[in-house]
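In: the sequence isn't on hand, but the structure is:
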């Protein structure tokens, strides 16, 4: 039963932290909350026999990407959400419409939940299948990554290259280059 | 090869003109002569086709077939029978006249104008000679483009509206035909395993009656808009009024015929059962158009509009003749197409000359022109009378044959259509009276010049043709006879139309009729 | 060509190397030194084209995830053409607008790499990565004029919504993976084919989510909202690139995924796509009518064209698949050229992409006006242009699959679309030049060559399509 | 040979039409007259040849070429000369020649080009008229039928600057067209039913069908339609309204076209199809009644008209009515006989009136005339002869023909019709002499200013003034006109002697000559009706009555308009309604205008064009465009520019798709 | 034993939260964060499915997703910086000059 308890605790924490991310106005706190949420998710990954991913989650996600966010937040020095009212003459620019967006999102969750609950074969315990050893083995992971997924891996390098070039091009100060 | 030449000559001519540098209009004169020369050569080619045409045969002649897009069974497949022959010749005949008419009125961008006219001719000829539905559709749609530019660039004040309306209206109808054409090809492939757009093969395709109905409607809508059949006619007054003279001449002379030609060549023979079912309805619309067009023409203050509405009325006769689905009706219909091309083309030509001189087309702006322009008046009178359908001129033969055919089919339609005979006299003569008779009421009209030699060059062939067509109609009826008979047989073979046998027949008619009935029986 | 396990990626590699070469060259370029960077890119693209030709009919496959079947190669060729034309037009624009040449060309080439990858990928994950490669490159290209707030805004909108949609797409992949245990299309297909038709809600959710991802990229309604804004804000030449390349790549992947892996569920997805197609065709054309900015208008037009392509997808027969390919090619050439004209008419300070900027163009630049007209007529589907044959093909696919309703809606909307294409023609030919406007720019050199070449291709495809139709038909014969 | 007859005038037409502007008046007038005389010569020659043939074979056929051939409808341009058409061509070419000659003098004041134009029209008319009567089938006849209508239109509107003239021309054409419409339908019906339009073949077929007594079958309908056509051309109720207006044309035109030849085409047509009509007795009855009514009605109007030519016009209508009455009772020979004599005296009367008008510089109102007897002796005497002839005074041509006509009506038992005819005759005599008296007798009133409504052709009036000088005494007719008047006067006296009835010891050669034309081909030409003893007596009696009527009418005229002019005025005062009613021609024109013309015109303009065409149809077309554009303008507003709305739109899509899949 | 569906539902809820964030937040940074939440939600799904299937594929895909997320974040943040330079604002609604 502790397993279950831990699951609910972690899930609750992840959901709560995520809700906090979008629930308040200071982006700095949002980033912090997101890191917290990622932490909780890492816990869930461990529970799912994916310790390596969990570590990567903490190191890469929380450690690198979120830092980047933090860096930008501080760079821009815009701690508060810009609450100034822009042109609202258009009916679709009314705040109510935004609330409708929230409603839609909840509808989406309901749909997904409905689908998941009505699907067969999902009710069994998640760890009942396969071999936990294999699944959590970094060796297997590495072998599969560099055999089955080698092309994707290489492609990712192009992706990162594009992102780098792009970020440089866009974020460069005016008048620099060319 | 001759047939291909007949549309290739103008097209190549247009491309050649494209190469002539004429940035500042210095070579306008040369270009005019070049264009005229090309169109005359094209006319000569069509005459050559006529000369070599065998009128005794109902088969398609000068057939050329080259594989074009084999994946769909699309061929470059052209050929003519007696029906299309004459329309091709008409096209060849009217284009030089249209070009001539522009000499006085088109001052700017002469090169482009000539190119568009020649391109238009190529597309129009293409429409009439295509025996492949795809090829036909290509020409059909391609024809819109030069016409659109002709109206839009060289037209009068509301030209843009008219051009767009013309284009969209016509397209809206023809795209449904496109779907039906595709459907036909699909049905053929379902039946035989291969796609084809070959008209002759599709003729023999057995289509379920229900499907026929839909396809027939799709085809017919496209053609009805082009004709234009009431109530799809409202693009016509706008297009006609706004088009430059040459455009109006070609529009009235040839373009409208494409609709009725389409009915004859495609809608009816492809879907004979549907045609039999819908013929009365079409005829009803045609008759409404005849009367309605005439009544509305009567009260038009604008000469071009008047002639345009008169076209609605005249073309109604053609559709009625086609619907009758007997020899007289169909022959009359084809004849009326030619006659209308000549007489209405002539009317537009001459209204255009007036408009060039006075920059107005309002009837009220004229009056008493007979005093200042006697020659013009005489020529106009001939065209007016031709349009009215006076015996001895071209309009009568077609109208009479149509009414004869219609009467044998459904007398009520002929009776109603005949009212058009009365009304056409009313509106044409009324206009003639207001424009040419009476004292000269506007000062500007007192100095108008009479017909110039160059203008005569355009008017005279039309007048002569009106007379020749009225006096010696057999010249034109003969070549189409075999084709029309074959068409009639095809239509009647698939339906139980009572062939009315006259009580009294002359011996030669007897023979003709028995052969007809035998052939029907043999089917 | 030798048979090696890497054959299938050769076209992609050519372009990758060209991109890298461009970046290197840029790095070593002197401050004011002019370099034919675009030429390098073209060399790479030509290499890709040559290798694709060599690979034709060989059905090569590499790493199990990249398949250079004829289908993919056909799209590759299309993309190469798009890339070459884009680079040719860009050569004018980059110099004029002072864009960072090296990065610019590199990004274009990387985007092409992503597109080719997407078109030839046989794995949902690779498709996703390819999608991201091309998307990121295009986001950046959209906003490459950093001095232009509208360009930045466009990039931001495109990016945000793109990221949003790719999350859905990814979710779809996740469900697919969860249900079938793999991301490989062949395996998914095999798994699903073995399934009984018991409607598993998960697979339907997966289909729906994937549909969202693709629909976004091909800007199907209601996932089209980014399109007008991004197309309008981006530099015209980039718009031309993304409106064709991205769409072609996305459609290739879309077709491949839905007609191979999810083919057994076509009963489920076809009606949905039917709805999307109808909405897309109608909304694209109708709203296009109200536009006064030519780029924005063409954006709506490209939405509508996406709708026509969907029609081919729904038909889901051999005709339909080949029709998609042919249509993509015809549309790509035409649209690139049309945006090319707009790009060439712009200046550094003014985009000159409003309708009135085209007024009286015929009098000043008759050739340019004529070329633009041909493009517009082709987009409108009038003979004798490529667009006409394309529409013909698409609608025959619909008709032969029995979708008469779709065909009728399609042809009617195409009539409406002709209206707004004609508005440009009206402006160019039937209006006098607005006296307040500067004389239109002179166009010469590479840009003109590219334009004329496009027009030649448009007419070639419109008059003698046999060869290309054959290729398209061969393309679908090798797979699914 | 036959073709030459119409070809001559056609040639004249071409010469004058193409080169007329460059020809002098002498040449163009000379050519025009010469071709007519030539045509007359050829006609006379051919008719001579025809007369030499045996009675059964009296027909000359000539097929020029096949005009229209379509399926089983093969129609030759074929001409046929038979006794009936022989009479007609002689009348046409004969009187035509005279009128051409007359015109050379009458129209001499026109400028050269107009002069040539006039003669070209006149020649063209003659050509078409000859085609009309020579045509061997309906369609060829129809060519002539329409052609003469056209020429009539052109000639009525010859003075094209005069609005009333061109209006009249148009009216004539349009009203004729209404008749033609029925005519065409009749032809269609005949062809559809019998497969031929050839007169001979048709007659042969119809002869084999029992007459439609008491039923209204195909024959009756067809013949009725043809008759409606005839009412248009021959100015019968209800389509007679154009003829009085047609007097706007030059007077010789009125004489030739609107008195002697064209307007009789309807009568001729019925004669031509005697077999058909006699197989449709119901139609014949209608013909007779319409003819009688027209005769009577026109005569009443003629009594009060003040325009010289209009009086004659109504007289023509009335006389045509009598002819139809004859045709209607089956007395085809009598009808044609009257047609023939009428051609002479009515042409004479018109030309005489033309001489008067010519002399008075265009004055046509008899209230402004009087006392011209002394100044215009030739005109007066010839006019008087014409008036006597039309009044039916014995021994003049009109007497014989009218008498035969009324006798036949009586003999066939149509007493009421006879009575109507008789009354009409009485009134004819009366108003003709009213005309004579007011014009030539009494005080001179012609210096009185012309009434305002009298619209004159300015240039013509100008020309008159130049040549004659203002205020000069009226001249009598110049030689060319005088010659024609005298010839016609002789004709009016003598023409009747070809048809002297048996009762008077004659042989009625005309009836005998015509008889084969009214019989079915190959059928037995009905032998001449040999009068029984009682009938001969009856004929004598009726002859007496006729004479009495003629003299009575003249006497009334003498009394009212010569001796006691105040009677006319007091009668007009006493019965103002009747007078006004008559003066305004029963308001028929106004009624047509109010019930047909205006509703069509206003309806077409307001309802059909501006209402239906522009608003409804074009409105629908533009409406579709507007709907598209409108929805475009609404839908584009969804594109708010705010990225979160876009995301929302996408989410709606997602939810929709998932919802569709999960809960469908 | 926690059922697979629980993980998936947690993931779905997270996904929903991310979606909501995109729609309702008026700060570009937060919106980007919301997208990160969505991607993470998907990651959870992958891993859960992978665990259930007993394969490492799910985990490997997650690595790629992380990479993609990083790349997206880089470009996204660069764009945000660009935007901020133009308008001095991070409100997405401020950037609505392209419309209709």
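Out: Received, thanks. What you see is a predicted model, and the numbers here were worked out from it, not measured in a lab.

In: every contact and neighbour count from this point should use C-alpha atoms.
Out: OK.

In: and the top helix by length along chain E, what does it pack against?
Out: Counting by DSSP state H, the longest helix found in chain E is helix E:57-87. Counting contacts by 3 or more Cα pairs under 8 Å, 6 or more residues apart in numbering or on different chains; DSSP states H and E, helix E:57-87 is packed against helix A:51-56, helix A:66-76, helix A:138-147, helix A:150-171, helix C:124-142, helix C:149-180, helix E:28-53.

In: other residues contacting the least confident helix or strand in chain A by mean pLDDT?
Out: Lowest on mean pLDDT, DSSP states H and E among the helices and strands of chain A sits helix A:132-136, with a mean of 78. With contact meaning Cα atoms under 8 Å, 6 or more residues apart in numbering or on different chains, helix A:132-136 is reached by A:49, A:50, A:51, A:52, A:140, A:141, E:51, E:54, E:55, E:56.

In: what's downstream of whichever strand or helix holds residue D:35, the next helix or strand?
Out: Following DSSP states H and E, one finds residue D:35 within helix D:25-51. Using DSSP H and E, the next helix or strand after helix D:25-51 towards the C-terminus is strand D:60-70.

In: so where's the chain shaky on pLDDT?
Out: Just so you know, I chose chain A. A:78-89, A:91-93, A:126-130, A:173-178 (pLDDT under 70).

In: hmm, no, I was thinking of chain C.
Out: For chain C, the ranges with pLDDT under 70 are C:1-2, C:31-32, C:196-199, C:477-480.

In: residue of the stretch 251-400 of chain C with the smallest distance to chain D?
Out: residue C:287 (4.3 Å; Cα to the nearest Cα).

In: ok, and the closest non-adjacent residue to that residue?
Out: Leaving out its chain neighbours, the residue that sits closest to residue C:287 by Cα to Cα, 6 or more residues apart in numbering or on different chains is residue D:632, at 4.3 Å.

In: run a quick neighbour tally on the one you found.
Out: Around residue D:632 there are 20 other residues, counting by other Cα atoms under 10 Å in any protein chain shown.

In: can you check the pLDDT for it?
Out: At residue D:632, the model reports a pLDDT of 90.

In: not counting the helix or strand harbouring it itself, show me its contacts.
Out: Per DSSP H and E, residue D:632 falls inside helix D:618-635. Helix D:618-635 is contacted from outside by B:234, C:283, C:286, C:287, C:288, C:289, C:290, D:613, using Cα under 8 Å, 6+ apart.

In: can you pull the contacts of the second one?
Out: By Cα under 8 Å, 6+ apart, the contact list for residue C:283 reads C:221, C:304, D:635.

In: dump those residues to CSV, plus distance to residue B:481 and neighbour count.
Out: Below are the contacts of residue C:283 laid out as CSV (distance: Cα to Cα, whole Å; neighbours: other Cα atoms under 10 Å in any protein chain shown):
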residue, distance to residue B:481, neighbour count
C:221, 56, 26
C:304, 49, 31
D:635, 56, 16
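
In: out of these, which is nearest to chain B?
Out: residue C:304 (16.5 Å).

In: returning to what we had before: quick one: buried residues of the helix holding residue D:35?
Out: Buried residues in helix D:25-51, counted by 16 or more other Cα atoms under 10 Å in any protein chain shown: D:25, D:28-44, D:46-47, D:50-51.

In: select only the buried ones of the contacts of helix A:132-136 in ChimeraX?
Out: Those of the contacts of helix A:132-136 that count as buried under 16+ other Cα under 10 Å are selected in ChimeraX with:
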select /A:49,50,51,52,141 /E:51,54,55,56
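
In: how many neighbouring residues does residue A:90 have?
Out: Number of residues near residue A:90 (other Cα under 10 Å) recorded here: 10.

In: check contacts around it.
Out: residue D:640.

In: and it, how far from residue C:228?
Out: Distance, residue A:90 to residue C:228, by Cα to Cα, to the nearest Å: 18 Å.

In: now do residue C:306
Out: Relative to residue C:228, residue C:306 is positioned 13 Å away (Cα to Cα).

In: and if you look at residue C:236?
Out: Distance, residue C:236 to residue C:228, by Cα to Cα: 12 Å.

In: same thing with residue C:346?
Out: Distance of residue C:346 to residue C:228, computed by Cα to Cα: 19 Å.

In: what number of residues lie near the residue of the stretch 451-600 of chain D found nearest chain C?
Out: In the stretch 451-600 of chain D, the residue found nearest to chain C is residue D:600; the distance is 38.3 Å by Cα to the nearest Cα. Counted with other Cα under 10 Å, the neighbours of residue D:600 add up to 19.

In: can you tell me the closest non-neighbouring residue to it?
Out: Excluding the flanking residues, the one nearest residue D:600 by Cα to Cα, 6+ apart is residue B:295, at 7.7 Å.

In: any weak-confidence spans in chain D?
Out: Scanning chain D for pLDDT under 70 picks out D:446-473, D:522-533.

In: longest helix in it, by residue count?
Out: Taking DSSP H as the criterion, chain D has its longest helix at helix D:163-194.

In: in it, what counts as buried?
Out: Within helix D:163-194, the residues that count as buried by 16+ other Cα under 10 Å are D:163-194.

In: now tell me what touches the helix or strand in which residue C:461 is found from outside.
Out: Assigned by DSSP H and E, residue C:461 belongs to helix C:445-463. Under the criterion Cα under 8 Å, 6+ apart, residues C:85, C:88-89, C:91-92, C:330, C:333-334, C:337, C:340-341, C:344, C:371, C:374-375, C:378, C:383-389, C:468 lie in contact with helix C:445-463.

In: and the pLDDT for the closest residue to chain B within chain E?
Out: Going by Cα to the nearest Cα, chain B is nearest to residue E:100 of chain E, at 24.6 Å. On pLDDT, residue E:100 comes in at 75.
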